[in-house]
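[1] The sequence and its predicted three-dimensional model are supplied below.
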Amino acid sequence: MWRTVFRLGLVMLCVAALAFVAAPWFAFRALKSYARDGDVQGLAELVDYKSVRASLRSQITGAPARTAEPAPDILHDPIGAIKRALEPLRPAPPEVDTYVSLPAFQAMTRGYDMGKAPPEPPKPQGFKSVMEDFQKDPPRLDYWGPNRVRFAASAPETPTRETVFTFHRRGWFQWQLVQITLPQSK
């Protein structure tokens, strides 16, 4: 009896560990499918738009990204807090907003530039075609850590031009896109 319970517990632990390791890959696949299907609500849950816009702003405009330092506290640094409050809010340039649109996500997750992606193949129907779709065109894993994962997507025609997607852990099995690194122009 105890041997069976121990084996069952060991199997459950192995399944949980496998799900823990595979969760970022499923998050990238979800990003790709939400963009393909036009699921705005799914993208809103999966993408941290503020962080993604900040990373894209620094790449597009060349201006340094704001540091992740906490805002000055009125009790400890009243002058710094007042200066920070009086700073004009810089809206994102229009180019940044085009990179966080549905067509842009759809093209970038497939490794293409915006507007240069070939038409998306039809949605897979049935288990066999879903498995074939998973095996076709996988992203390359650049880095895997307990709290951060980077995937690189490249088009089959240009494997050296990679768009890198950085995901950050928000829960045991929940990941959120926090940064997109665009391919370098050569």
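    Cool, got the structure.

[2] Unless I misread the structure, Gln179 falls within a helix.
    No: counting by DSSP: H, G, I helix; E, B strand; the rest coil, Gln179 is located in no helix; its state is strand.

[3] residue ranges for the strands of this protein, please.
    140-144, 148-153, 163-169, 175-181 (DSSP state E).

[4] just so I know, which of those strands lies nearest Lys32?
    strand 148-153 (8.6 Å; C-beta to C-beta). Backbone N, C-alpha and C define where each C-beta goes, glycine included.

[5] Could you list the low-confidence segments of this protein?
    Low-confidence regions of the chain, defined here as pLDDT under 70, cover residues 63-69, 87-92, 124, 130-131, 133-135, 185-186.

[6] same for the helix ranked longest in it, what does it pack against?
    In terms of residue count, the longest helix belonging to the chain (DSSP state H) is helix 2-37. Using 3 or more C-beta pairs under 8 Å, 6 or more residues apart in numbering; DSSP states H and E as the contact criterion, the secondary-structure elements in contact with helix 2-37 are helix 40-46, helix 102-109, strand 140-144, strand 148-153, strand 163-169, strand 175-181.

[7] List just the one of those that sits closest to Ala85.
    Sorting the helices and strands packed on helix 2-37 by C-beta to C-beta, the top spot, which is the nearest, belongs to strand 175-181 at 26.1 Å.

[8] As CSV, the strands of the chain with mean neighbour count and distance to Ala54 would be great.
    Output for the strands of the chain, formatted as CSV (neighbours: other C-beta atoms under 10 Å; distance: least, C-beta to C-beta, whole Å):
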stretch, mean neighbour count, distance to Ala54
strand 140-144, 13, 20
strand 148-153, 20, 16
strand 163-169, 21, 12
strand 175-181, 20, 8
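
[9] between those strands, which gets nearest to Ala71?
    Ala71 sits nearest to strand 175-181 of all the strands of the chain, at 19.4 Å, using C-beta to C-beta.
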